[in-house]
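In: From the sequence below, what's the structure:
(one chain, ligands or ions: 2)
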Amino acid sequence: MSLKNTADSYGTIAKWLHWTTALLFLGSYVSVYYRQWFTEAETPENWTALQLHLSIGVTIAVVVILRIIWKLSNRSPDPEPGSKLEHLAAKLGHLALYAVMIIMPITGYIGTGVNTEFFFLFDIPKFADTPLFTALVTDGLGITFEEFEKPIDFIHKKVMGEWLVWLLILGHVAAALYHHLVKKDRTLYKMTINK
Ligand code: HEM
Ligand code: HEM
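Out: Ligands and ions are numbered 1, 2, ... in the order given. The predicted structure is shown next:
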């Protein structure tokens, strides 16, 4: 098995990056909904679940940077046979997933009013405490954190977190299953066992 992508499969590194991201997304949803549905406000469990959400989200930001670098320095496997429209839909779908992997950590970080205790190892200061916040938001836009946070939270939680991200991931998984079960091509194998 090759580390780099080949004409007929993703390589080991692309596979690890892909499946690590999928697990991290699962973790970010489980932690945030566990906090909201199963913990009381201002309890240690509530705080731990929030901090896990923040830490996992920041990890996704790091992984997506590595993923983009790897994608740009590597060929992509040849696509399976399909119409021009199918290939275009796959390209746009993947592009949208990259956008999600970038926009969610950024809106999460800049809209959060607490420091990230990164897996309880070290603190990452909240955006509102950074010189960039003062330059861009306080001095640049002339607004407070509370005013800035509202639209950003709306994008992170409502528009994307509750809807768009689910739709895109469900569509992506449905497409993978369609390839595997209906078209019976090698799409899923390329990202897994390369049969
Ligand atoms: C890809 C990464 C991320 C995903 C998929 C994600 C997803 C979500 C979702 C689904 C919610 C709950 C929305 C709702 O209230 O219904 C949420 C809330 C939240 N997110 Fe993220 N998020 C990510 C990264 C981050 C990061 C990096 C931070 C901050 C460093 C962050 C901070 C928050 C905060 C503070 C909340 C509110 C928590 C609550 O009200 O219980 N998120 N996020
Ligand atoms: C159970 C969940 C998942 C399954 C079964 C799955 C399956 C696949 C498969 C089969 C491919 C290869 C498609 C092709 O070559 O045309 C792929 C590629 C891709 N997947 Fe997933 N995936 C899952 C979760 C996710 C998640 C959560 C994300 C990101 C939020 C994601 C982002 C991508 C991207 C961007 C590609 C394009 C290849 C690349 O640039 O690495 N996937 N996925």
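In: Would you mind listing what in this structure touches ligand 2?
Out: 14, 18, 21-22, 25, 71, 90, 94, 97-98, 100-101, 169, 172-173, 176, 187-188, 190-191 (CB under 6 Å from any ligand atom). Glycine gets a C-beta too; all of them are placed from N, C-alpha and C.
In: and these, which of them are in strands?
Out: Secondary structure from DSSP state E places none of the residues of the chain next to ligand 2 in strands.
In: Can you tell me which of these are buried?
Out: Neighbour counting with 16 or more other CB atoms under 10 Å marks 14, 21, 25, 90, 97, 100-101, 169, 172, 187-188, 190-191 as buried within the residues of the chain next to ligand 2.
In: Can you give me every residue that contacts the closest residue to Thr59 other than its chain neighbours?
Out: Among residues not flanking Thr59 along the chain, Leu24 sits closest, at 5.9 Å (CB to CB, 6 or more residues apart in numbering). Contact partners of Leu24, counting by CB atoms under 8 Å, 6 or more residues apart in numbering, are Ile56, Thr59, Ile60, Val63.
In: What of Leu66?
Out: So Leu66 contacts Leu17 (CB under 8 Å, 6+ apart).
In: any idea which element it lies in?
Out: helix 44-72 (DSSP states H and E).
In: And Gly113, by the same measure?
Out: Counting by DSSP H and E, Gly113 is part of no helix or strand.
In: ok, how many other residues are close to it?
Out: As a burial measure, Gly113 scores 12 neighbours (other CB atoms under 10 Å).
In: now swap in Glu149 and tell me
Out: Neighbours of Glu149 (other CB under 10 Å): 19.
In: go on, the one 4 residues further on?
Out: Using other CB under 10 Å, the number of residues around Asp153 comes to 17.
In: Okay, helices next: where are they in the protein?
Out: Secondary structure of the chain by DSSP state H: the helices cover 12-38, 44-72, 84-110, 131-133, 145-153, 165-177, 187-190.
In: tell me the most buried of these?
Out: Stretch with highest mean neighbour count among those: helix 187-190 (a mean of 18; mean count of other CB atoms under 10 Å).
In: So which elements touch it?
Out: Helix 187-190 makes packing contacts with helix 165-177 when contacts are defined by 3 or more CB pairs under 8 Å, 6 or more residues apart in numbering; DSSP states H and E.
In: and the helix it packs on, what does it pack onto?
Out: Counting by 3+ CB pairs under 8 Å, 6+ apart, helix 165-177 packs on helix 84-110, helix 187-190.
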